[in-house]
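S.K.: Have a look at this prediction, sequence included:
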Amino acid sequence: MAPPAPSAGARLLLLRRLLSTATEAVAEAAAPTAAAAAPAAAAAKAGEKGGSRPLYRRLSALGGAGEGSVSRVLNKWVREGGTPRVDDLVKHVKELRKYKRHAHALELMDWMVNARGMHMSHTNHAIRLDLIYKVRGLEAAENYFASLPDPAKNHRTYGALLNCYCSAKMEEKAIDIYRKMDELGICSSRLPINNLMSLYMKLGRHGKVDSLFKEMKVKNVKPDNLTCCILMTSYASSNKIDAIEELLKEMVEKDVALGWSAYSTLASIYANAGLVEKAESALKKLEGLVGVDDGKQPFDFLMSLYASVGNLSEVNRVWDVIKAKFSKVTNTSYLGMLQALYKLNDIDRMKQIYVDWESNYENYDVRLTNMMIRGHLKLGMTDEAESLWEKAKEKGAEFDSKTCELFLDHYMGKGDMNLALNWVENMVKLPKKAGKLDQDKIHKFQKYFEEHKDADGAERFCNCLRMQGCIDGKAYESLLRTYLAAGKKSSSLRQQIKDDKIEICYDIGKLLKRMGDKGR
């Protein structure tokens, strides 16, 4: 059976990454995304006096540490003889942004201004505005922009504010800022138009995307690779393959340099349309455009897209390229290979790749074990999936919400609700709650316990709901019906209901009386 073509959501994955890169470009702070490099490896070499550890390594080691942690590191570094220089610190800000460490990046910029009195360039104001939006919200970003001196309100800071509105899907404010930029004569670049295009993509307003492209032509603004990717994705949403091919011809006529990401988008669209030969032709062009600085990300896309067109030999070839080209294969690339093989139902090859990863990884990544579990469960290999998890557990691995969901859905699908309940209990024990069970699952559990007169199972399930903060009157009604069906009584249920702050309504009261609880 041929693997499924990429879904619309999968087709937008690359575009979202491209738009994220465009966000960084608003402040001219973009750096090539290294798909899975460890932040600590990016320590800058300049200005790293003070102690034995370079400053960036100290910052990257903070992990998820809270507010104040960056300032403490910086102050200690200065006391040890570190020399803070604006250019070096801004490099660290960019690295932290690249790895989504926005709160730490902002605290570093605040320290530069508040503790050291460093001057912010217009570009740095734009970076700071973007970080304020991500960490403190839109209102704080608006207030920061309003506080800037007039000379600092230029195309960079206006562009950063426009991007905030586009990210927040605030169409009216985005248009107002765009018009203001137009009035000031600072809207002549493609970046603001690309930002608005991305907004309308998020809103599903594809006609507006096309209108903005026409406006770009009227203003004689040259499109770029991102413009092309946005437009192709927009046309694909309406299955306008002919329009996509006309667009590509237009890009050639306008001498627009298309990168590998454009051909990745194109290949995904062709694969989704079932145009396998055209998809593979686009993938060949993609591979030919990969540069030395592009890292592993293009090859990860190649594996995924070749799997989407059912080409196992090319998936394996690209994997061999990755292994030969890069001295260290990241967890992300291993995961991408497993996902590609999962699409192709090749469990034996998945096992080979997983064993290879187990012997090479530096940091355990539960996503790979989950992918293997998913592959086994898809083929009904329940014992193998359970065994895989037990072996991972013996090595000190910990499950996450996805592990729980995989086994929970599998056992529910088989009708084995007791084993499914074990995984609900595992889920609610996670340090970070994995979200609440949907009503359909809750109803299926309750129906099962009532029909099987399983009061103990119903009690365990209600305890899970309680731990997830979603115990309610309906849950107690089901529990009481299960008790009655099983012929069991409980003198503590009325008090338990009150402790959970559930109103003893008419239906609950009637069920309690049937159990012999007279109430007080």
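M.R.: Yes, it's here.
S.K.: what's next to stretch 138-156, contact-wise?
M.R.: 26-28, 120, 122-123, 125-126, 128-130, 132-133, 157, 160-161, 164-165, 168, 170, 181, 186-187, 189 (CB atoms under 8 Å, 6 or more residues apart in numbering). For glycine as for every other residue, the C-beta is placed from the backbone atoms N, C-alpha and C.
S.K.: can you give me the strands for the protein?
M.R.: Applying DSSP state E to the chain gives no strands.
S.K.: lowest confidence element among the helices and strands of it?
M.R.: Scoring the helices and strands of the chain by mean pLDDT, DSSP states H and E places helix 8-11 at the bottom, with a mean of 48.
S.K.: related to what we said a few turns ago, helices - which of the contacts of stretch 138-156 land there?
M.R.: 26, 122-123, 125-126, 128-130, 132-133, 157, 160-161, 164-165, 181 (DSSP state H).
S.K.: Tell me which residues touch C505, please.
M.R.: Contacts of C505 (CB under 8 Å, 6+ apart): G473.
S.K.: which parts of stretch 75-93 are buried?
M.R.: Neighbour counts over stretch 75-93 (16 or more other CB atoms under 10 Å) mark 77-78, 82, 84, 88-93 as buried.
S.K.: okay, those residues in CSV with pLDDT and distance to W423 next?
M.R.: Below are the buried residues of stretch 75-93 laid out as CSV (pLDDT from 0 to 100; distance: CB to CB, whole Å):
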residue, pLDDT, distance to W423
W77, 94, 46
V78, 93, 50
G82, 90, 50
P84, 91, 51
D88, 92, 49
L89, 94, 47
V90, 93, 47
K91, 93, 45
H92, 94, 42
V93, 94, 42
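S.K.: Can you pick out the ones from those residues that are in helices?
M.R.: Among the buried residues of stretch 75-93, the ones falling in helices (DSSP H) are 77-78, 88-93.
S.K.: Can you show me the CA trace of stretch 462-474 as PDB?
M.R.: Extracted in PDB, the C-alpha atoms of stretch 462-474 (Å, rounded to 0.1, in the frame of the first residue of the first chain):
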ATOM      1  CA  CYS A 462     -12.500   8.800  39.200                       C
ATOM      2  CA  ASN A 463      -9.300   9.200  41.100                       C
ATOM      3  CA  CYS A 464      -7.500   9.900  37.800                       C
ATOM      4  CA  LEU A 465     -10.200  12.500  36.900                       C
ATOM      5  CA  ARG A 466      -9.700  14.100  40.300                       C
ATOM      6  CA  MET A 467      -6.000  14.300  39.800                       C
ATOM      7  CA  GLN A 468      -6.500  15.900  36.400                       C
ATOM      8  CA  GLY A 469      -9.000  18.400  38.000                       C
ATOM      9  CA  CYS A 470     -11.900  17.300  35.800                       C
ATOM     10  CA  ILE A 471     -14.100  15.300  38.300                       C
ATOM     11  CA  ASP A 472     -17.700  16.400  38.100                       C
ATOM     12  CA  GLY A 473     -21.300  15.400  38.900                       C
ATOM     13  CA  LYS A 474     -21.600  13.200  35.800                       C
END
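S.K.: Could I get the full set of helices for the stretch 251-400 of the chain?
M.R.: Ranges of helices in the stretch 251-400 of the chain, per DSSP state H, counting those that start in this stretch, are 260-272, 276-289, 297-308, 312-325, 331-343, 347-358, 366-378, 382-394.
S.K.: For S491, give me the backbone phi and psi.
M.R.: With angles defined as degrees, to the nearest 10, S491 sits at phi -80, psi -10.
S.K.: Can you read off the pLDDT for the residue lying closest to it once chain neighbours are set aside?
M.R.: Using CB to CB, 6 or more residues apart in numbering and skipping the chain neighbours, the partner closest in space to S491 is D517 (7.4 Å). The model reports D517 with a pLDDT of 71.
S.K.: about what we covered before: reformat the ones in helices among the buried residues of stretch 75-93 as CSV; add distance to L406.
M.R.: Shown next, in CSV, are those (distance: CB to CB, whole Å):
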residue, distance to L406
W77, 44
V78, 49
D88, 45
L89, 44
V90, 43
K91, 41
H92, 39
V93, 39
